[in-house]
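Chemist: 3D, please:
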Amino acid sequence: MVKSGEQPSPVELEQLRETLELVGETEDRIAKLLQVAAVSRERYRAFLALYQDQARQIEAAGVAYDWSYPFDRYDGQFRVGTAPDGHPIGLTQEQLNEHVLVVGRTGAGKTTLFYNLMDECTGHGLPFWAFDLKNDYRHLVRHRDLLVINWQDLKFNPLQPPPGVPVAMWAEVIVETFAHTMGLLQGSHGYVLGTLRDLYAVYEPAETGQYPSVFELRKLAVAEEIPLASPRFRYRERLINRLTLMTGFSGEVFECSQGYPLATVLDRNVVFELKGTNQYVATFLIEALLMWLFYYRDAQGHRQGLRHLVLFDEAKHVFDVNRERQPASGFPPIDDLVGKVREYGEALIVADHEPSKLTDSIKANTGTKLWLSLGSGKDTREMAQTFGLDADETAFTRTLEKGEGIVTTAGREPCPIQLPDYTIDKAVTTPDLQEQMQPVLAEFSWDPRVQPEVFCQAIGEQPDDLDEPEDETETVGAVAEALLVSIEEDPFLSLSDRYEAIDVGKKVGSEAKEELRALGLVREVEVRTGTRGRNPKMLELTRQGRTVLEDRGFTVTKTGRRGIEHRYWQHRIKAYYETHGFEVETEFATDDGHIDVYATRRDEAVAIEVARSPAHELANIEKCLEHGVDRVEVAYLDEDVKQRVAAAVTGVFGDIPDAVMFVPIADYV
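Modeler: Okay, here's the model as predicted:
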């Protein structure tokens, strides 16, 4: 029973806030009204009744607003949505090249719009890069040719200039980018640039082809002796602080002298997944990669119309109005890039749910703007000014539902738009993604960090004293080392069985496991069994873990592109067929590739393909049939995977061939 004098709940106050925003009250007035309403439930109810009545009037006026006048036609070939009269709304390549800004609250349809835009890019032969802060776009790999690079798998050295860009020029660019994303004031910029120039002078990359990393930049700053009273001491401390923040939360991204050859993937559709890393690191990666893209295009003389798009949501992290309005930090280099990059055929499509937090630069330099439903009265007022809407048109925007919006381009009147829906099964797991992407990423060349003797002399260290990852592994304890060797010798043990195999208890084994994980030598993977009960967890060597064992004289099995779950099921299926009298080989070589498991017994030959995801399975089945086997068994974990593969096979063969069988993977246990 609620007493009359009780205060309204936070949920109720939030409801009142939304109503106040809908009627267009200012932020200051909303704050004051909420303060008064929070005193008692009676006041809350009085305010709610008053403003709900106004809200209903606005909604009624908005729904009845006459948009029947002739709309400007948007007849570009790049389809975006539909006008109220049913006419398609599309943008031209020229309009895209002038950049696109999308604003809308969470749930208004921005992600769905991006799915459709990516399809449009593919349909018109326009490759794109997408920066994904929420792991939303990985699910398209089941339908599109898409390279997804999770930040933990990325190799990028921001101190390595794009091909054709002089080191001296790139030093200034990357220092400004680093300083702005990391919140360094302008006074520190000169110190950072001077330190980086000293580092380049030591490495002489033009002569050696070796580039320092941000780790070496930090070491050089730490090694410099500066009096406490000197302003340079404060600059140095700030630089060390920012580099520690950056290197401590970036995994192995920057652990390289030369990173992935980005120029080779400019003609591919690439998603960079940044969920899970530090926000400073994510913002720096986006801005540094955008800078890399611009200066690469400039150096190569790419000026011939639209050739590539860059898409990302949560744009306020990059185009941050607070950074733009801090004179002490200087003008953000990313703002300057927006106006220039279009000359080189690069289009930006950016989105955010809080347009009031976006820079003036991104609002001014986007030729097309798409307004979806917004939650904040402040954001609504700001966008109304940006769009040039009058009071009635602004009232209409408060009635927008999911997928509804207003679009405008330079020189055109605003037009209501209905966005198309997009049906997608968000079922791509991290293991699925890793298995599909690892073969592609394995083809990318990159060079590990290097610390030449002249650098060691400059910082006063001996080469044996360096703290590179491979040297850090010298601290691995005896139990951890035994665990590491055990993973190589018997890779398919559960954690409890592995601890038993090296004769330690759960507590000691878990401590050793965490020691190896902290050093980046192993990863823990849950392996699906397709049966009821808890799935076992297994340990898998990382590339660094394999290197450590090799350095210590162990012969390490090459696993190629297969993850632990895939190899586990190859192992179990091999054992199953061996118990039935077959001779069995995994990764059996054919003219067209490899068969997961190949079993023969007298005149009978069976090919088994482990289908953890639908990708490539049709090609695998065709490969097995062409090899002339008697039977192809598609071992599946998920019913969804089975249905997708079966549909693909039926689409090609008209029906499931008699020689092809779908087998639940648990049947091999």
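Chemist: only C-alpha atoms for contact and neighbour calcs from this point on.
Modeler: Fine.
Chemist: where do the strands sit along the stretch 51-200 of the chain?
Modeler: 78-82, 88-91, 100-103, 128-132, 147-150 (DSSP state E, counting those that start in this stretch).
Chemist: helix or strand with the lowest mean pLDDT in the chain?
Modeler: helix 469-472 (a mean of 41; mean pLDDT, DSSP states H and E).
Chemist: on that earlier part again, nearest to Tyr422, out of the strands of the stretch 51-200 of the chain?
Modeler: Among the strands of the stretch 51-200 of the chain, strand 78-82 comes nearest to Tyr422, with 12.0 Å by C-alpha to C-alpha.
Chemist: that older thread, next secondary structure element downstream of the least confident helix or strand of the chain?
Modeler: Read in the C-terminal direction, the helix or strand following helix 469-472 is helix 478-489, with elements assigned using DSSP states H and E.
Chemist: name the residues of the very next helix or strand once past that following helix that are buried.
Modeler: Sequence order places helix 495-501 as the next helix or strand after helix 478-489, per DSSP H and E. For helix 495-501, a neighbour-count test (16 or more other C-alpha atoms under 10 Å) marks Leu495, Ser496, Arg498, Tyr499 as buried.
Chemist: re earlier: how about CSV for the strands of the stretch 51-200 of the chain, with mean neighbour count, distance to Glu204 and mean pLDDT added?
Modeler: Shown next, in CSV, are the strands of the stretch 51-200 of the chain (neighbours: other C-alpha atoms under 10 Å; distance: least, C-alpha to C-alpha, whole Å; pLDDT from 0 to 100):
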stretch, mean neighbour count, distance to Glu204, mean pLDDT
strand 78-82, 21, 47, 93
strand 88-91, 20, 47, 93
strand 100-103, 24, 41, 95
strand 128-132, 23, 32, 96
strand 147-150, 23, 31, 94
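Chemist: same list (those strands) but as a markdown table, adding distance to Glu550.
Modeler: Output for the strands of the stretch 51-200 of the chain, formatted as a markdown table (distance: least, C-alpha to C-alpha, whole Å):
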| stretch | distance to Glu550 |
| --- | --- |
| strand 78-82 | 53 |
| strand 88-91 | 55 |
| strand 100-103 | 51 |
| strand 128-132 | 36 |
| strand 147-150 | 27 |
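Chemist: out of those strands, which is closest to Ala46?
Modeler: Here strand 100-103 is closest among the strands of the stretch 51-200 of the chain (C-alpha to C-alpha), at 33.0 Å.
Chemist: which residues sit against the closest one?
Modeler: Contact with strand 100-103 is made by 110, 347-355, 362-363, 366-374, as judged by C-alpha atoms under 8 Å, 6 or more residues apart in numbering.
Chemist: give me the subset of the residues you listed lying in strands.
Modeler: Ala347, Leu348, Ile349, Val350, Ala351, Asp352, Thr368, Lys369, Leu370, Trp371, Leu372 (DSSP state E).
Chemist: contacting residues for the most centrally placed residue in the chain?
Modeler: Residue closest to the mean C-alpha point of the chain, counted by C-alpha atoms, centre = their mean, is Glu273 at 1.2 Å. By C-alpha under 8 Å, 6+ apart, Glu273 lies in contact with Phe131, Asp132, Leu133, Lys134, Asn135, Val148, Ile149, Asn150, Trp151.
Chemist: do that again at 7 Å, thanks
Modeler: Phe131, Asp132, Leu133, Asn135, Ile149, Asn150, Trp151 (C-alpha atoms under 7 Å, 6 or more residues apart in numbering).
Chemist: and the furthest pair within the residues you listed?
Modeler: Leu133 and Ile149 (12.2 Å).
Chemist: tally of neighbours for Glu435?
Modeler: Glu435 is flanked by 18 other residues according to other C-alpha atoms under 10 Å.
Chemist: typo on my end, it should be Arg602
Modeler: 8.
Chemist: just for the stretch 551-669 of the chain, where's the confidence low?
Modeler: For the stretch 551-669 of the chain, applying pLDDT under 70 flags the ranges 560-561, 612-615.
Chemist: let me see the ranges of the helices in it.
Modeler: 564-579, 617-626, 639-653 (DSSP state H, counting those that start in this stretch).
Chemist: of all the ones you listed, which one is nearest Thr423?
Modeler: Among the helices of the stretch 551-669 of the chain, helix 639-653 sits nearest to Thr423 (C-alpha to C-alpha), with 15.1 Å.
Chemist: and the angle from the closest one to helix 617-626?
Modeler: 60 degrees (axes from the mean of the first three to the mean of the last three C-alpha atoms, to 10 degrees).
Chemist: returning to that earlier point: of the contacts of Glu273, just say which sits nearest to His302.
Modeler: Nearest member of the contacts of Glu273 to His302, counting by C-alpha to C-alpha, is Phe131, at 22.4 Å.
Chemist: which residues are in contact with the closest one?
Modeler: Val271, Phe272, Glu273, Leu311, Phe312.
Chemist: hang on, Gln160 packs against Gln210?
Modeler: No. Using C-alpha atoms under 7 Å, Gln160 makes no contact with Gln210, being 8.9 Å away.
Chemist: which residues of the stretch 351-500 of the chain fall in helices?
Modeler: In the stretch 351-500 of the chain, the helices defined using DSSP H, counting those that start in this stretch lie at 360-364, 377-387, 391-397, 430-441, 453-459, 469-472, 478-489, 495-501.
Chemist: can you mark which positions in the second one are buried?
Modeler: Along helix 377-387, the positions that meet the burial threshold by neighbour count (16+ other C-alpha under 10 Å) are Gly377, Lys378, Asp379, Thr380, Arg381, Met383, Ala384, Phe387.
Chemist: with the third one instead?
Modeler: Using 16+ other C-alpha under 10 Å as the burial criterion, the residues of helix 391-397 that qualify are Glu393, Thr394, Ala395, Phe396, Thr397.
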